[in-house]
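*Asks:* how would this look folded up:
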Amino acid sequence: MGPRRVIDAGAMLLVFAAGTLGGAMNALAGGGTFATLPALIAIGLPANIANATSNVALLPGAAASAHGYRDELAPLGGVDWRVLAAITFVAGLAGSILLVLTPTRAFDLIIPWLLLIALIAMLGGKRAADWLAARVTIGPRSLLAVQALLGVYGGYFGGGVGLMMTALYGLLAGIGVRAMFAPRTMMLAVANSAAALVFVATGMVRWPAALPMIAGAILGGWGGALIGRALPPLLVRWWTLAVTGATTAVFFARAYG
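*Replies:* Residues are numbered from 1 along each chain as shown. Purely as a prediction, here's the structure:
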């Protein structure tokens with residue numbers, strides 16, 4: 001697709017379907033980027049442009065989730081959630097600016113490793129957090145530092161960052177999965193919003209692809225929430241891991257094959 005500003009009906013259908021799948025994945029367990037990013041690259045977008053477009057396309061769903069959990073927001077690990085949100089916003093700006101400055105070819109080589117990091121985070125999950133918690137003592141300062149790193153990662157790429165937050169919040173704040181829904185969705189929305197501002201301002205978003213993907217993501221988020229009530233959690237987890245693993249393998253082959 002390159003610099004073209006229009007896409008054909010087939011490409012539009014593909015990105016709509018990918019947005020639907022990505023929105024559903026985010027509603028179920030996270031990892032929606034692993035559905036949207038490959039589809040955008042498949043229609044011809046450079047990887048960095050595809051990443052920026054995917055970020056903006058998935059933002060409405062993230063914002064809606066954050067709004068839905070707003071009444072449950074509370075201090076996390078002794079740190080006010082507003083402080084964490086401010087750090088995340090600034091870090092998200094930094095990460096997105098870094099993406100803008102990254103040459104396309106360099107991002108092609110970097111992105112498989114980012115996907116692999118996300119896959120490892122998904123595989124480790126709570127077990128890795130429990131293992132670390134038994135061996136180290138962590139306080140609010142560590143939470144602030146880690147949140148800044150998560151914000152940079154979320155602004156730069158964002159794939160799997162929600163699952164990373166799930167694992168790290170369990171370690172750093174000592175809270176259960178249900179209790180972290182509100183802060184996690186808020187930090188994701190803040191990081192995505194910061195990145196979207198930069199991506200839109202710098203012209204990195206391809207709106208002909210983004211708009212049908214946004215529509216699909218909204219539909220998928222609504223449907224995913226309904227499906228999630230009926231599906232066993234283990235099935236959702238294995239589906240997410242399968243999609244993430246396959247996507248990671250494809251991107252390694254694309255970059256280094």
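*Asks:* what's the closest non-adjacent residue to Leu99?
*Replies:* Spatial nearest neighbour of Leu99, excluding adjacent residues (C-beta to C-beta, 6 or more residues apart in numbering): Tyr156 at 5.0 Å. Glycine gets a C-beta too; all of them are placed from N, C-alpha and C.
*Asks:* contacts only, for that neighbour.
*Replies:* 95-96, 98-99, 114, 195 (C-beta atoms under 8 Å, 6 or more residues apart in numbering).
*Asks:* do that again at 10 Å, thanks
*Replies:* By C-beta atoms under 10 Å, 6 or more residues apart in numbering, Tyr156 lies in contact with 48, 51, 55, 91-92, 94-100, 102, 107, 110, 114, 191, 195.
*Asks:* hmm, which of the residues you listed are the buried ones?
*Replies:* 48, 51, 55, 91-92, 94-97, 99-100, 102, 107, 110, 114, 191, 195 (16 or more other C-beta atoms under 10 Å).
*Asks:* these in helices, which ones?
*Replies:* Within these, residues falling in helices by DSSP state H are 48, 51, 55, 91-92, 94-97, 99-100, 107, 110, 114, 191, 195.
*Asks:* next, give phi and psi for Leu76.
*Replies:* Here is the backbone geometry of Leu76 (degrees, to the nearest 10): phi -120, psi 120.
*Asks:* who does it bridge with?
*Replies:* Val79 (DSSP bridges).
*Asks:* just to revisit the earlier point, from Phe89, how far off is the residue nearest to Leu99?
*Replies:* 14 Å (C-beta to C-beta, to the nearest Å).
*Asks:* do Val236 as well
*Replies:* 30 Å.
*Asks:* for the stretch 51-200 of the chain, which segments count as helices?
*Replies:* With DSSP state H, counting those that start in this stretch as the criterion, the stretch 51-200 of the chain has helices at 81-101, 104-133, 140-156, 161-172, 181-201.
*Asks:* of all the ones you listed, which one comes closest to Gly216?
*Replies:* helix 181-201 (16.7 Å; C-beta to C-beta).
*Asks:* I'd like the next helix or strand past the closest one.
*Replies:* Using DSSP states H and E, the next helix or strand after helix 181-201 towards the C-terminus is helix 207-228.
*Asks:* ok so, going back, so what pLDDT did the residue nearest to Leu99 get?
*Replies:* Looking at Tyr156, its pLDDT stands at 91.
*Asks:* is it true that Pro212 touches Thr53?
*Replies:* No: judged on C-beta atoms under 10 Å, Pro212 makes no contact with Thr53 at a distance of 11.1 Å.
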